[in-house]
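1. this is the structure alone, sequence omitted:
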């Protein structure tokens, strides 16, 4: 008989040994944390032993002893947590300079920021110029300085609302020029406004540049901004009053920075009484920039009525 051949057995390799997981890092093992906790515990222990020796000047009440206050677990946890809680500085509240009387229009001129130049009192000259030019028998403006630098639109609105100022002026200056924002502020004095604030700001907020604060004025920009607010408030009487003030003040409109709807609106207001044809041409340029702003159609209808074009004034 033949000898049968057996099958060779296959050797199964041993499975790899599982890797040992690394221990998760413990934030409490951080050297800085450990040092802080040890320091706190040492401080508490020192206070406790000082109390035991009657050297700690703590007033003991009838319901809570000084020892209990020192070893109170809640207080201990609070103190430890305070070590790792970042300090958040509170935002300073706006300064209240004055409050206008009913019917008055308050204009705030903030302290201006010096940019790469020696500081000078630019805001005082601007404020004094506005006060003198708006000091008319039929004017209801008051102008005040705001003693802090304002560096953003939101900050300007907060300061204006705190003082009920319809307009706030802020900006900066260099050796060569002064750059100013003439901005809509608090609207609480315009109770009948139903137009969106964004549309009002687009037509009213001006960014202008002057070269000499002692020789140039921004008064026309101030008045044109108020005319936008009064038009949005459907106050025809006050609108006419301010158009009359514009006619009285013989000052050139300051240069606006970049073409804007508000820049065209300011030019429109300056030309409305003396040159209505030019005012119509200017407001059409504003509409070419944004045909969706309802205030611009009110202005165009008004000047068309002045020109006798009643059929197209609506």
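-> On my side now, so go ahead. Keep in mind the model is a prediction, meaning the values are calculated, not measured. Residues are numbered from 1 along each chain as shown.
2. check which element follows the helix or strand harbouring residue 203 along the chain.
-> Per DSSP states H and E, residue 203 falls inside helix 197-204. Per DSSP H and E, the first helix or strand lying C-terminal to helix 197-204 is strand 206-210.
3. name the residues that touch that next one?
-> The contact list for strand 206-210 (C-beta atoms under 8 Å, 6 or more residues apart in numbering) reads 177-182, 216, 218, 221, 224-225, 254-258, 260, 262-263, 266. To be clear about C-beta, it is placed using only N, CA and C from the backbone, and glycine gets the same treatment.
4. what pLDDT, on average, does stretch 275-293 get?
-> The pLDDT scores in stretch 275-293 average 96.
5. stretch 92-102 too?
-> Here the average pLDDT along stretch 92-102 is 91.
6. kindly report the same for stretch 302-314.
-> 84.
7. mind listing what's buried in it?
-> Buried residues in stretch 302-314, counting neighbours by 16 or more other C-beta atoms under 10 Å, are found at 302, 303, 304.
8. also stretch 149-162?
-> Those would be 150, 155, 156, 157, 158, 159, 160, 162, for stretch 149-162 by 16+ other C-beta under 10 Å.
9. per-residue confidence at residue 253?
-> pLDDT at residue 253 comes out at 82.
10. looks to me like residue 41 is in a strand.
-> No. Counting by DSSP: H, G, I helix; E, B strand; the rest coil, residue 41 is not part of a strand but helix.
11. ok, and what's touching the helix holding residue 203?
-> Applying C-beta under 8 Å, 6+ apart, the set of residues contacting helix 197-204 is 183-184, 187, 193, 224-225, 228-229, 232, 261-262, 265, 286, 290, 293-296.
12. relative to residue 221, how far out is residue 285?
-> 18 Å (C-beta to C-beta, to the nearest Å).
13. the more surrounded of the two?
-> residue 221 (26 against 14; other C-beta atoms under 10 Å).
14. for residue 262, give me its contacts.
-> 202, 203, 204, 205, 206, 225, 228, 256.
15. so what's the fourth one up against?
-> By C-beta under 8 Å, 6+ apart, the contact set of residue 205 is 181, 182, 183, 184, 225, 262.
16. of the residues you listed, which is the nearest to residue 141?
-> residue 225 (11.7 Å; C-beta to C-beta).
17. ok, back up a step: tell me the two of the buried residues of stretch 149-162 that are most distant?
-> 150 and 162 (11.9 Å).
18. before we move on, back to that, got a winner among the contacts of residue 262 for most neighbours?
-> residue 203 (32 neighbours).
19. and the furthest pair within the contacts of residue 262?
-> It's 228 and 256 that sit farthest apart of those, by C-beta to C-beta, at 14.4 Å.
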